[in-house]
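A.B. asks: A structural model of the following input is requested.
(one chain, ligands or ions: 1)
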Amino acid sequence: MKKITLRAGKERSLLKRHPWVFESSIARGGGDSGETVRVESADGAFLCWAAFSPQSQIRLRAWSFDEAERIDAAFFKRRIEQAVAMRMRLAIASDAWRLVHGEADGLPGLVVDRYGDTLVAQFGSSGAERWKGAIADALLTATGLTRLYERSDAQAREWEGLPAQTGWLRGEGETALTIREHDWRLTLDVAEGHKTGYYLDQRDSRRRFADAVRQYGIKSVLNCFSYTGGFSVAALAGGASEVVSVDSSGPALERAKAHVELNGFDASRHQAWDADVNATLRRCLQEGRRFDAIVLDPPKFAPTAAHAERAARAYKDINRLAFMLLNDGGLLYTFSCSGGISPDLFHKIVAGAGLDAGVDGYIVERLSAAADHPQTVCFPEGDYMKGLGLLKR
Ligand code: SAH
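C.D. replies: Reported below is the predicted structural model:
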């Protein structure tokens with residue numbers, strides 16, 4: 001077993017069970033891509049077993065802090081069984097959920113979503129890549145399912161120096177699927193959609209939005225960054241009579257339109273605008289259009305803390321415009337899924353946007369990813385999704 005020795009003092013985060021070690025913390029040692037290595041402090045104390053990533057800034061990802069534990073196929077079986085069992089305890093209002101959420105499930109670099117009886121996996125680190133076969137077998141055994149599609153085409157693969165890989169890993173069949181979320185039916189294609197096909201993390205917020213639309217008697221809704229219209233279907237279910245989905249992806253909008261009909265809503269209550277959100281918000285303002293509710297669910301503007309400042313300006317800008325486009329008493333559902341923007345910073349950005357727009361808001365909701373995307377106390381980076389529900393004062 002190869003050994004990695006850290007620089008003096010650099011063992012601190014591992015002692016707090018944070019699973020990452022950056023390249024700059026390593027004094028000596030190396031390994032092959034994804035190889036399991038023994039990590040020790042400068043004075044030779046065991047810290048963890050970890051996967052080695054020769055090309056990534058995150059050079060080591062801990063598999064286990066238990067010196068007696070062996071990293072083998074049985075290890076992955078145990079971790080995956082634990083992740084599956086945790087989801088069984090949740091009351092998930094869908095037949096689609098996140099089964100493995102990387103670090104939070106003790107499996108750094110691995111993401112697995114379940115859509116009905118199809119599993120979709122992203123192997124985002126050298127360690128996960130190395131154990132792909134054992135992980136695939138364990139996933140099928142733990143779930144009793146037979147179909148596993150691989151979507152290892154996220155940007156993290158590049159940082160790890162791994163090529164993109166997609167296709168059936170186990171079993172085969174249709175990649176176009178229909179799922180049930182709350183009372184709604186939604187479609188996706190696991191081969192073509194964003195991420196693994198759908199944004200499962202916003203499930204709870206879509207439910208709350210539908211309830212809020214009903215509660216506040218909201219009629220007109222502008223759903224920005226709509227993707228396939230999850231929040232638009234929620235708005236229609238809540239009783240909105242005029243819903244606009246805005247996204248720059250044509251195929252996503254086609255699906256949004258199809259979702260309106262699939263769920264039995266009159267197509268005349270919904271419009272799909274293939275456009276840039278920022279330009280659309282400005283145009284609406286110029287044209288004097290106003291809405292009772294606006295959803296802002298942008299893509300990750302700040303993948304890491306290093307991008308936070310530029311991202312903060314981009315978040316502030318869309319939130320300022322949204323505040324100005326809201327009718328009095330209107331509802332703003334605003335999100336950031338950037339790991340580099342803390343909930344506290346996001347709150348400050350939205351406050352700044354309100355100040356610039358000359359608008360204050362009552363915070364009626366604090367939103368986060370659904371519980372099948374768990375956060376753990378040892379891994380604050382897991383708290384990537386934050387949102388606020390605001391009523392314009
Ligand atoms: N709210 C969605 C998920 C949004 S993901 C849901 O509930 O499923 C972010 C979306 O923003 C993607 O669909 C992407 O196509 C879109 N997007 C990214 N940049 C954009 C831009 N500048 N203008 C419009 N849409 C954009």
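A.B. asks: right, and the helix or strand after whichever strand or helix holds K257?
C.D. replies: If you go by DSSP states H and E, K257 is part of helix 250-262. For helix 250-262, the following helix or strand on the C-terminal side (DSSP H and E) is strand 270-274.
A.B. asks: for the residue at the greatest distance from the centre of the chain, helix, strand, or coil?
C.D. replies: Farthest-out residue of the chain from its mean C-alpha position, per CA atoms, centre = their mean: D43, at 38.5 Å. Following DSSP: H, G, I helix; E, B strand; the rest coil, D43 is assigned to coil.
A.B. asks: Check A371 too.
C.D. replies: Assignment for A371 (three-state DSSP): coil.
A.B. asks: Neighbours of Y216, how many?
C.D. replies: For Y216, the neighbour count with other CB atoms under 10 Å is 16. Every C-beta, even on glycine, is put in place using the N, C-alpha and C of the backbone.
A.B. asks: next one: G109
C.D. replies: By other CB under 10 Å, 27 other residues sit near G109.
A.B. asks: Need the nearest residue in space to it, chain neighbours excluded.
C.D. replies: What sits nearest to G109 in space, not counting adjacent residues and going by CB to CB, 6 or more residues apart in numbering, is S125, at 2.6 Å.
A.B. asks: The one you found and P54 touch, don't they?
C.D. replies: No: using CB atoms under 8 Å, S125 is not in contact with P54; the gap is 11.6 Å.
A.B. asks: the more surrounded of the two?
C.D. replies: Neighbour comparison, S125 and P54: the larger count goes to S125, with 25 against 15 (by other CB under 10 Å).
A.B. asks: Can you give me the distance of that one to G102?
C.D. replies: Between S125 and G102 the distance is 9 Å, computed by CB to CB, to the nearest Å.
A.B. asks: Phi and psi next, for W63.
C.D. replies: phi -90, psi -40 (degrees, to the nearest 10).
A.B. asks: That one is in contact with G127, isn't it?
C.D. replies: Yes: here W63 lies in contact with G127, judged by CB under 8 Å, at a distance of 6.9 Å.
A.B. asks: Counting neighbours, what do you get for the residue nearest to M385 when sequence neighbours are not counted?
C.D. replies: Spatial nearest neighbour of M385, chain neighbours left out: A369 (4.0 Å); criterion: CB to CB, 6+ apart. By other CB under 10 Å, the residues close to A369 number 25.
A.B. asks: can you tell me which residues contact A369?
C.D. replies: Contacts of A369 were listed using CB atoms under 8 Å, 6 or more residues apart in numbering, and they are 201-202, 204, 375, 384-385.
A.B. asks: could you redo the last one with a cut-off of 10 Å?
C.D. replies: 98, 101, 199-205, 335, 337, 375, 382-387 (CB atoms under 10 Å, 6 or more residues apart in numbering).
A.B. asks: before we move on, what about P343?
C.D. replies: 336, 366, 368, 383, 385-388.
A.B. asks: Then E158?
C.D. replies: For E158, the contact set (CB under 10 Å, 6+ apart) comprises 55-56, 164.
A.B. asks: Spell out which parts of this protein neighbour the ligand.
C.D. replies: Residues of the chain lying close to the ligand (CB under 6 Å from any ligand atom) are 199, 202, 225-228, 230-231, 247-249, 252, 276-277, 297, 299.
A.B. asks: Between those residues, which sits nearest R180?
C.D. replies: The closest of the residues of the chain next to the ligand to R180 turns out to be G230 (CB to CB; 12.7 Å).
A.B. asks: Number of residues surrounding that closest one?
C.D. replies: Residues near G230, counting by other CB under 10 Å, number 26.
A.B. asks: so where does the residue lying closest to it once chain neighbours are set aside fall, helix or strand?
C.D. replies: Once flanking residues are discounted, G230 sits nearest to R206: 5.1 Å by CB to CB, 6+ apart. When elements are assigned from DSSP H and E, R206 belongs to helix 203-215.
A.B. asks: how far is that helix from where the chain is centred?
C.D. replies: Offset of helix 203-215 from its chain centre (CA atoms, centre = their mean, to the nearest Å): 19 Å.
A.B. asks: Same question for it: list its buried residues.
C.D. replies: 203-210, 212-213 (16 or more other CB atoms under 10 Å).
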